[in-house]
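1. pasting a predicted model and its sequence here:
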Amino acid sequence: MSPRAPYACDPALTRGRQYAEDGSPTRGPRGAFQRDRDRIIHSISFRRLRHKTQVFVAPDGDHYRVRLTHSLEVAQIGRTIARALGLDEDLTEALCLAHDIGHPPFGHSGEDALQAAMTQHGGFDHNAQTLRALHVLDSPYPRWQGLNLSWEVLEGLAKHNGPVAAPTWALAAIDDGFDLQLSRWASLEAQVAAVADDIAYDNHDIDDGLRAGFLVFDDLLELPFAAQQWDAIRTRFADVAPRQLQAEFVRDQIGLMVNDVIASTQRQIAALRIASIEDVRGAGQMIAGFSDAMAAQERQLKAFMYERVYHHPRQAEAALLARNVVAALFAAYSDNPQFLPAEWRDRLPGNEPQRSRHIADFMAGMTDRFALTCHRQIFGHAPLGLSHV
């Protein structure tokens, strides 16, 4: 492990947890951020990620990424960058592993449906729901609500994309009880987690897009930087069939992006004279990220992927079916709470907006297949295009 940089978060100097914990043994010699990472990994919310959509709704096959495998890949990339920069690897990993926990079933399609259903009740946001799941809903401990994660983890999850000027009700409620300083920038560990997420899905979605047949590799070579990289790979492996080199392209692209982030972040740290965590939070800008040249390439890649993969007609059709499932379930639970499981029905508030927020909490925790099971139980069928899940 690299020496800790002076601008890294230090678990020995954590701002603590909302609920004081007694001095009982900590089940092993672990620092605060190690314990946070382990609590996340052991949580029910984390386990559910194995059956939640990453990109492809109801994919035909076991080789596609889901939220769980994506989160593990983000953590691997994040930890690599954190080590090179002298940041706290455990905190970075905890943030990477937890960042998608608030996603409802069917990814962004499910989120769109919940947002529409919750328009009159404060809306729905998966980032805020991540904190709500970990800080409020997932409660396996006898003395406090939630996982009682450290301030640095909660802050990083809240602000990994930058300060939050107008928090949603879910984030505002947590901030009221445990001030996360939403107007300031988050730690470098949180910033690294955010860019690691971009690197992971930019490149691994290429792999899944090719597997699904939504993407033809030659189309990718319309991007000049991709064509240049592909030429270098073909030269390096002149005796290997091109189809066998597609995975090499994805690996190379990840490596180029990771190295760029490390070098660019080091330059920013030097230029801004960052010497402490307080310098990071008071810098007034994002420090960890791509160089200008790589950021431009990344934007081109994103635009290409949205056109060819995320908005592919087959994907759009499945997304519409998924939105309809989530919308129908929300309406059914609202009209007839008897459809809710007993433990959720017994705690259903009588007044709005608490009533609808309670239903949204239940639905946000659903996996794709559990949502379809509930749909079959209530309506007697699942949409044909999703019935195999």
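-> Arrived safely. All values reported here derive from a predicted model rather than from experimental measurement. Residues are numbered from 1 along each chain as shown.
2. hmm, Gly31 is touching Leu91, no?
-> No: applying C-beta atoms under 8 Å as the test, Gly31 and Leu91 come out as separate, 9.3 Å apart. Bear in mind the C-beta positions are built from the backbone N, C-alpha and C, glycine included.
3. anything in contact with each of the two?
-> Residues touching both Gly31 and Leu91 (C-beta atoms under 8 Å, 6 or more residues apart in numbering) are Pro11.
4. burial count for Trp185?
-> Neighbourhood size, Trp185 [other C-beta atoms under 10 Å]: 20.
5. element containing it?
-> Remark: Trp185 resides in no helix or strand, with elements defined by DSSP states H and E.
6. for it, which non-adjacent residue is closest in space?
-> Sequence neighbours aside, Arg281 is the residue nearest to Trp185 in space, at 5.2 Å (criterion: C-beta to C-beta, 6 or more residues apart in numbering).
7. try Val153
-> Among residues not flanking Val153 along the chain, Asp36 sits closest, at 4.8 Å (C-beta to C-beta, 6+ apart).
8. what sits against the one you found?
-> Going by C-beta under 8 Å, 6+ apart, Asp36 touches 90-91, 94, 147, 149-150, 153.
9. so where's the chain shaky on pLDDT?
-> Low-confidence segments of the chain (pLDDT under 70): 1, 23-26, 56-63, 382-389.
10. next, the residue most central in space within the chain: secondary structure please.
-> For the chain, the residue sitting closest to the mean C-alpha position, by C-alpha atoms, centre = their mean, is Asp100 at 2.8 Å. Here Asp100 is recorded as coil under DSSP: H, G, I helix; E, B strand; the rest coil.
11. now Arg39
-> Of the three states, Arg39 takes helix according to three-state DSSP.
12. please begin residue numbering at 19 from this point
-> Yep, numbering from 19; the last one is Arg57 now.
13. that one touches Leu165, doesn't it?
-> Yes: Arg57 is in contact with Leu165 according to C-beta under 8 Å; the separation is 4.6 Å.
14. who has more neighbours, these two?
-> Leu165 (26 against 22).
15. contacting residues for that one?
-> With contacts defined as C-beta under 8 Å, 6+ apart, Leu165 is in contact with 54, 57-58, 61, 152-153, 156-159.
16. redo that, cut-off 10 Å
-> Shown in contact with Leu165 (C-beta atoms under 10 Å, 6 or more residues apart in numbering): 35, 53-54, 57-58, 60-61, 63, 116, 151-159, 171-172.
17. quick one: which of those residues sit in helices?
-> 53-54, 57-58, 63, 116, 171-172 (DSSP state H).
18. of all the residues you listed, which two lie farthest apart?
-> Arg53 and Ser63 (16.5 Å; C-beta to C-beta).
19. comparing these two, which residue is more hemmed in?
-> Arg53 (22 against 19).
20. from the centre of this protein, give me the residue that's furthest out.
-> Max radial position in the chain (C-alpha atoms, centre = their mean) goes to Asp257, at 39.0 Å.
21. hang on, isn't the residue nearest to Trp203 packed against Gly174?
-> No: contact between Arg299 and Gly174 fails when scored by C-beta atoms under 10 Å: they sit 11.3 Å apart.
22. name the residues contacting each of these two.
-> Jointly contacting Arg299 and Gly174 under the rule C-beta under 10 Å, 6+ apart are 204-206.
23. number of residues surrounding Asp364?
-> 9.
24. name the residue in Arg299 and Gly174 with the higher neighbour count.
-> Comparing Arg299 with Gly174 by other C-beta under 10 Å, the one with more neighbours is Gly174, at 29 against 18.
25. got the contact list for that one?
-> Counting by C-beta under 10 Å, 6+ apart, Gly174 has contacts 27, 109-110, 112-114, 116-117, 167-168, 198, 204-212.
26. at 8 Å what do you get?
-> Contacts of Gly174 (C-beta under 8 Å, 6+ apart): 109, 113, 204-205, 207-208, 211.
27. those residues: which two are farthest apart?
-> Spatial extent of the contacts of Gly174 (C-beta to C-beta) is set by the pair Leu109 and Ala204 at 10.8 Å.
28. I am finished for the moment; much appreciated.
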